[in-house]
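Fold the stuff below for me.
(one chain, ligands or ions: 2)
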Amino acid sequence: MKVEIAPSILSADFTRLGEDVQAVERGGATIIHCDVMDGHFVPNLTIGLPVVKSLSRATQLPLDTHLMISEPGRYAEQFVEAGASMVSVHVEIDPHLNRTLDAIRKKGAQAGIVINPATPLSALEEALPFADFVLIMSVNPGFGGQKFIPTSLDKVRRLRRMIVERGLPTRIEIDGGIDRTNIAELAAAGVEIFVAGTSVFGGGDPARGVRELLEASTAVTSDK
Ligand code: DX5
Ligand code: ZN
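Numbering: from 1, shown residues only. Ligands and ions are numbered 1, 2, ... in the order given. Got it, this is the predicted structure:
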């Protein structure tokens, strides 16, 4: 399976966002991850529609908007209009998840379901066929720079099994605490898209950050 790195701009330098995005693109990133937080669903405020709109003019890469907001159904389509090609919605917050996922797809974007560390995979059962990808949170959402929760690896394996058993084409994305030490094992377990903030932007050279993750992702693990 092909590994894709989706740098999270939450850890970028907001005074030079365009340049940081170009740097990760040079390093081999193929998706840009945008964390939208509203201070209600998660205890932090970040960016919204205007930033996504500006970014869509600054890069050709697909924009992946991770909605950590209380009323995702109300805003999801607007993010597609602003330039997002992937929009993901938390299973914990949307009582009409299938409708929201459908609406995202009808607008021409890929629809994703996000699942928090404490939410069991059974919460995905009914909505899975409506989604193009599932985003497994490997930290509790709200902040960059947190530590990877180790039980997420087994969750990926179980989700992979669920997808294969049902014969679905659903892709798996992971977000939170991804670095060179855990990427290979997660790739072997079935993750295709890796969101990474600190490990890409934390070292001062975002292009190198992406390259190092891509290199580390192919390391042989006992899982293969
Ligand atoms: C957390 C966000 C993540 C975060 C990842 O709520 O969804 O995308 O920016 O940052 P790192 O890679 O530093 O854990
Ligand atoms: Zn995110």
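
hey, which helix is longest across this structure?
Assignment by DSSP state H gives helix 152-165 as the longest helix of the chain.

Show the subsequent helix or strand relative to it.
For helix 152-165, the succeeding helix or strand toward the C-terminus, using DSSP states H and E, is strand 171-175.

how about that next one, does it reach ligand 1?
Yes - looking at strand 171-175 against ligand 1 by Cβ under 6 Å from any ligand atom, the contacts come from D175. In short, each C-beta sits where N, CA and C put it, glycine included.

got the contact list for the residue lying closest to Q78 once chain neighbours are set aside?
Using Cβ to Cβ, 6 or more residues apart in numbering and skipping the chain neighbours, the partner closest in space to Q78 is L49 (5.9 Å). L49 sits next to Y75, Q78, F79, A82 when contact means Cβ atoms under 8 Å, 6 or more residues apart in numbering.

hmm, which of those are the buried ones?
Y75, F79, A82 (16 or more other Cβ atoms under 10 Å).

what residues does this structure put near ligand 1?
8, 10-11, 33, 35, 66, 139, 141-146, 175-178, 195-199.

could you give the angle of the helix or strand hosting L135 to strand 171-175?
Assigned by DSSP H and E, L135 belongs to strand 133-137. Between strand 133-137 and strand 171-175, the angle comes out at 20 degrees (axes from the mean of the first three to the mean of the last three Cα atoms, to 10 degrees).

Tell me what angle strand 133-137 forms with helix 152-165.
Computed by the same axes, to 10 degrees, the angle between strand 133-137 and helix 152-165 is 160 degrees.

Adjacent strands (with direction) for strand 133-137?
Partners of strand 133-137 in the sheet, by DSSP bridges, are strand 110-115 (parallel), strand 171-175 (parallel).
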